[in-house]
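Student: Fold the following and give me the result.
(chains A and B)
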Amino acid sequence: MLNKEIKEIINKAIKDLYQDIEIPNFVVEWPKQKGRGDYASNVAMVSAGKLNQNPMEIAEKIRNKIDTIAEYKEIFSGVTIANPGFINFEISDKRLRQNLCKVLRKKDRFGSSEIGKEKVVVIDYSAPNIAKPMHIGHLRSTIIGQSLYNIYNFLGYKVIGDNHIGDWGTQFGKLIYAYKHWGNKKEIDKNPIEEMTKLYVRFHKEVEKNKDLEEFARHETKRLQEKNTENIKIWKYLIKESLKDYNKIYKTLGVKFDYVLGESFYDGMLSRVVNDALERKIATKSEGAIVIALDKYNLSAFLIKKTDGAYLYTTTDIATAKYREEKLRAKKILYVVANEQALHFQKLFASLELLGICRNTQIEHIKFGMVLGEEGKKFSTRKGETVKLDELIKKSTEIAKKVVEEKNPKLSNKEKKKIAKIVGLGAIKYNDLSQNRLTDIAFNWDKMLSFEGNSAPYLQYTYARINSLVEKYNRAYRLNRINILDKPDFGLLKEDMEKDILRQLIKFPEAIENAARENLPHLIALYIYELASLYNNFYSSTPIIKSEMQVAKARIYLSKSVAITIKNGLDLLGIDTLKKM
RNA sequence: GUCCUCGUAGUUCAACGGAUAGAACAAGGGAUUCCUAAUCCCUAGAUGUAGGUUCGAUUCCUGCCGAGGACACCA
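Tutor: The predicted model follows:
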C-alpha cells in the first residue's frame, strides 16, 4: 500500500538525517484539497518540538533527502513542501500506470490482501429474537455485520459469522403458554412469525385482565429449562418455524452465517460459568441473586443468576465469549449490536476481564445508532409504527420496477424484474452502509428509496454504463479487425480527468484497510462514490470509443478498471451489480 | 444520579488533530445531431455555546444548552 510505503520512505530519510531520534507518530494522508499532491505528511510539524527546529526546515531537509534517492524518482513525480510544514507527494505517472495494470490483472481480487492471514475473527450479527418479526432495526446489524464479514474476508482473515439468535429465556414461557391455550398449528405453518406475534400480543392483553398469567408463564419457562418433553417439543417447533421466515429474508438480502448458535446452545455451560466465578470469589451473592461486582470499573454490578435460580442473557454472553475464545480460537470478536446495549457490553467486557476470559482476544462492541421514526423518536413496536423488513424490501423493489419501466421500456419483463430486485435492495443497503454507523438514521421513505445522487443505483448505473461501453467497443473491434492483442499504451492517458481517476484507483486498498481498522464500511461507500463521480465527469466530457483508435483503447481499459473497482467495492458492501439497467 | 451516541447548509449525511469544512436531496440556471440523461456542468447556502490543550480543533478535554437511548432479576 502506497501510504505505508511513503511512511517507510520518510522513516528512512529521518533515520539518515537524525540518526536515532525517536519521531512521534505522524500521518500520511490524502489531502482534501486538489493541488496539494496525492499524499501529504505532517511529520515535520509533529517532530519540530523534539528536534528543536523549524518545521519548514525539517520538511525541506526530508524533501531533499528523498530527492537524492534514485528509486524514489520512480514513485514520485514531485515532492514539495508547504506552510506550515507539510510535505506533499505527487505520484508519478509511471506508478499510476503500474497500478492500472495491477487492477486489470487482479480483477475481482484487486484490493484484497493477506494481512489477516491465520487470524480468526468472529462476527456476531443480526441476532433476531425468535417469534418476533425482523424490522428495520435488525437491518442495521445484519447489513453492517455482513459487510464487515466481507471486508475481513477480503483481507485474508478467517471469518466466522455467527447468528446469536434469541432462542431462550422468559419470553418462551409466555409463548408456550399462549400456544397451548390459543395456538393454531395450521396458521403458524403458513405464516410463522406473524402468528407467533399475534400469540405474544394476545398474551399481553390477557395479562392485563388476569395477573396470574405472569406466574403461569414463569412456570412454563421453568419447565422448559428443566427439559420438560412437551415444552421442549413446542419450543423446537417455534424456533424451526421462525427460522423459516428469517431464512427467507436472509436469502433475499444475500446474508450468510457460518454458525447459528443461539442462546440455548450455551445453556449447559451456564452453571459452570457461575460456579467457577463463585469459587474464584469474582461473583458474590447479593439480595439472593448472584452478581459480579464491578465497582473497580465504576460500573454497577453484573447480574448473572436470578433469585429464582434462573440464568440470564448476561450469563449466556459470558459462556459465549469463552466458547468463541476456546473452541473457535477467535483472535478478535466483533459484536454488531445497537448502541442501546453499550452499558451491557461495558459490563460484560469488564466481567470477562475479571474472569480472565478472552485475555488474548480483542473484543469490541460495534455499536450503531438507531433508526428513528419520522418524528425523531425511537420506533415503538407497541404502536405498530415499525416498518417490517419484508415490507420495506417489497416497496423498494416496486418503486425500482417503475423506474426501470420508465427508463428502459424496451427490456424484457424478466430483465426488468431482475433489475428492480437488485436496484431496490441495493438502495436500501446503501442507504444504511453509506452512513457512519454511529449516527442515528432518520427514517425517510424518499431518501431510502432515492435512486439518484449518492445512492447504490448511481453506482450500479455507472457500472452498467461502462459495461455497455466495453461491449460496444468490442463489437467495433471485430468489425474493424484490429488486433485485439495489441498492448494498450497507457501513456496516452494524459488528460487531467484521466489522471484523477488513476489517482483514485491507487487508493482503493487503503480505503478497505481503513474500513477494517475502524470497522466502518461507509469508508468504502464513500470511496467508490467518489470514484464513480470522477468517472462520470470524465465520461460526460470526453469521447471514449469515438476518440482516436489507440486512445480509445487506453480509455476503454481505464473504464474497465473503474468498473472492476466499483464492483469490488459494492461486493464488500453486499450490493450486487448489473450489466444492464 | 451514572453511562452511551449525536449536535455541521432548508433537509439527509461526509471530513484518520491538518491546509480554502465536502457531497447528495430540495431551490435557481444550463448541457442530448455524440459511447445508457438513473448522467454531467454552474449558482446560492453550514461547524449549538463558553473556555482549555495545540504550530493548527468540526475532531481531543471541561462547563453549559439541546436531541435520542440504556441503567441489575427481559433480551
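
Student: okay, CA-based contacts and neighbour counts for the rest of this
Tutor: Will do.

Student: Pull the number of nearby residues for A:Glu279.
Tutor: Other residues near A:Glu279 come to 10 when the count uses other CA atoms under 10 Å.

Student: cool, and the one 3 residues further on?
Tutor: By the criterion of other CA under 10 Å, A:Ile282 has 16 neighbours.

Student: So it sits against A:Ile292, correct?
Tutor: Yes. The pair A:Ile282 and A:Ile292 passes the contact test of CA atoms under 8 Å, sitting 6.1 Å apart.

Student: Could you break chain A into its assigned domains?
Tutor: Residue ranges for each domain of chain A read A:2-91, A:93-116+A:390-581, as given by automatic domain parsing.

Student: most packed of those domains?
Tutor: Per-stretch averages of neighbours, counted by mean count of other CA atoms under 10 Å, single out domain A:93-116+A:390-581 among those, with a mean of 18.

Student: Show the average pLDDT along that one.
Tutor: Across domain A:93-116+A:390-581, the average pLDDT comes to 93.

Student: Any idea how far that domain is from the middle of the chain?
Tutor: With CA atoms, centre = their mean, to the nearest Å as the basis, domain A:93-116+A:390-581 stands 19 Å off its chain's centre.

Student: again with stretch A:320-329
Tutor: Its chain's average C-alpha position is 23 Å from that of stretch A:320-329, according to CA atoms, centre = their mean.

Student: For that stretch, list every residue counted as buried.
Tutor: Applying a neighbour-count criterion of 16 or more other CA atoms under 10 Å, one finds A:Thr320, A:Ala321, A:Lys322, A:Tyr323, A:Arg324, A:Glu325, A:Arg329 buried in stretch A:320-329.

Student: Please produce a markdown table containing the residues you listed, extended by distance to A:Ser351 and pLDDT.
Tutor: As requested, the buried residues of stretch A:320-329 are exported to a markdown table (distance: CA to CA, whole Å; pLDDT from 0 to 100):
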| residue | distance to A:Ser351 | pLDDT |
| --- | --- | --- |
| A:Thr320 | 13 | 97 |
| A:Ala321 | 11 | 97 |
| A:Lys322 | 12 | 97 |
| A:Tyr323 | 15 | 97 |
| A:Arg324 | 16 | 97 |
| A:Glu325 | 15 | 97 |
| A:Arg329 | 20 | 97 |
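
Student: Those residues: which two are farthest apart?
Tutor: A:Thr320 and A:Arg329 (12.2 Å; CA to CA).

Student: Could you report the distance from the nearest residue to A:Lys65 once chain neighbours are set aside to A:Ile62?
Tutor: In space, A:Lys65 comes closest to A:Ala13 once its chain neighbours are excluded; the distance is 6.1 Å by CA to CA, 6 or more residues apart in numbering. Counting by CA to CA, to the nearest Å, the gap from A:Ala13 to A:Ile62 is 6 Å.

Student: again with A:Gly288
Tutor: Here the criterion is CA to CA. By it, A:Gly288 lies 68 Å from A:Ile62.

Student: How about A:Ser533?
Tutor: Counting by CA to CA, the gap from A:Ser533 to A:Ile62 is 35 Å.

Student: A:Arg555 too?
Tutor: Here A:Arg555 is placed at a distance of 37 Å from A:Ile62 (CA to CA).

Student: Same question for A:Leu243.
Tutor: The value you get for A:Leu243 to A:Ile62, if CA to CA is used, is 61 Å.

Student: what do you get for A:Lys240?
Tutor: Following CA to CA, the distance that separates A:Lys240 from A:Ile62 is 65 Å.

Student: Check A:Ser271 too.
Tutor: Here A:Ser271 is placed at a distance of 62 Å from A:Ile62 (CA to CA).

Student: what does A:Leu572 give?
Tutor: From A:Leu572 to A:Ile62 the distance is 38 Å (CA to CA).

Student: what residues does the stretch 151-300 of chain A put near RNA strand B?
Tutor: Selection of the stretch 151-300 of chain A residues close to RNA strand B by CA under 7 Å from any atom of the strand yields A:166, A:168-171, A:263, A:286-289, A:291, A:298-300.

Student: ok so, going back, mind putting the domains of chain A into CSV with distance to RNA strand B?
Tutor: Formatted as CSV, the domains of chain A follow (distance: least, CA to the nearest atom of the strand, whole Å):
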stretch, distance to RNA strand B
domain A:2-91, 3
domain A:93-116+A:390-581, 3
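
Student: can you list those in TSV and add distance to A:Leu372?
Tutor: Output for these, formatted as TSV (distance: least, CA to CA, whole Å):
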stretch	distance to A:Leu372
domain A:2-91	32
domain A:93-116+A:390-581	5
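
Student: So which of those domains is nearest A:Gly373?
Tutor: With CA to CA as the criterion, A:Gly373 lies closest to domain A:93-116+A:390-581 of the domains of chain A, at 5.6 Å.

Student: Identify the residues contacting A:Ala342.
Tutor: When contacts are counted by CA atoms under 8 Å, 6 or more residues apart in numbering, A:Ala342 touches A:His365, A:Lys367.

Student: Tell me where the model's unsure across the stretch 101-250 of chain A.
Tutor: Within the stretch 101-250 of chain A, no stretch falls below the threshold (pLDDT under 70).

Student: contacting residues for the nearest residue to A:Ile528 once chain neighbours are set aside?
Tutor: For A:Ile528, ignoring the flanking residues on the chain, the nearest one in space by CA to CA, 6+ apart is A:Ile566 at 5.8 Å. A:Ile566 makes contact with A:Leu459, A:Tyr463, A:Ile528, A:Leu531, A:Ala532, according to CA under 8 Å, 6+ apart.

Student: Keeping just the C-alphas, turn the helix or strand encompassing A:Ile193 into CSV.
Tutor: Using DSSP states H and E, A:Ile193 sits within helix A:192-209. The C-alpha coordinates for helix A:192-209 follow below in CSV (Å, rounded to 0.1, in the frame of the first residue of the first chain):
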residue,chain,number,x,y,z
PRO,A,192,-44.9,-18.4,11.4
ILE,A,193,-43.7,-15.1,12.7
GLU,A,194,-47.0,-13.3,12.1
GLU,A,195,-49.0,-15.8,14.0
MET,A,196,-46.5,-16.0,16.8
THR,A,197,-46.6,-12.3,17.2
LYS,A,198,-50.3,-12.5,17.5
LEU,A,199,-50.0,-15.0,20.3
TYR,A,200,-47.5,-12.8,22.0
VAL,A,201,-49.7,-9.7,21.7
ARG,A,202,-52.7,-11.7,22.9
PHE,A,203,-50.8,-12.9,26.0
HIS,A,204,-50.0,-9.3,26.9
LYS,A,205,-53.6,-8.3,26.6
GLU,A,206,-54.9,-11.2,28.7
VAL,A,207,-52.3,-10.4,31.4
GLU,A,208,-54.0,-7.1,31.9
LYS,A,209,-57.2,-8.9,32.8
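
Student: one step back: which helix or strand contains the residue nearest to A:Ile528?
Tutor: Here A:Ile566 sits within helix A:549-573, counting by DSSP H and E.

Student: With A:Lys421 instead?
Tutor: Assigned by DSSP H and E, A:Lys421 falls in helix A:413-433.

Student: what packs against that helix?
Tutor: Applying 3 or more CA pairs under 8 Å, 6 or more residues apart in numbering; DSSP states H and E, one finds that helix A:413-433 contacts helix A:136-154, helix A:389-407, helix A:445-448, helix A:456-480, helix A:522-541, helix A:549-573.
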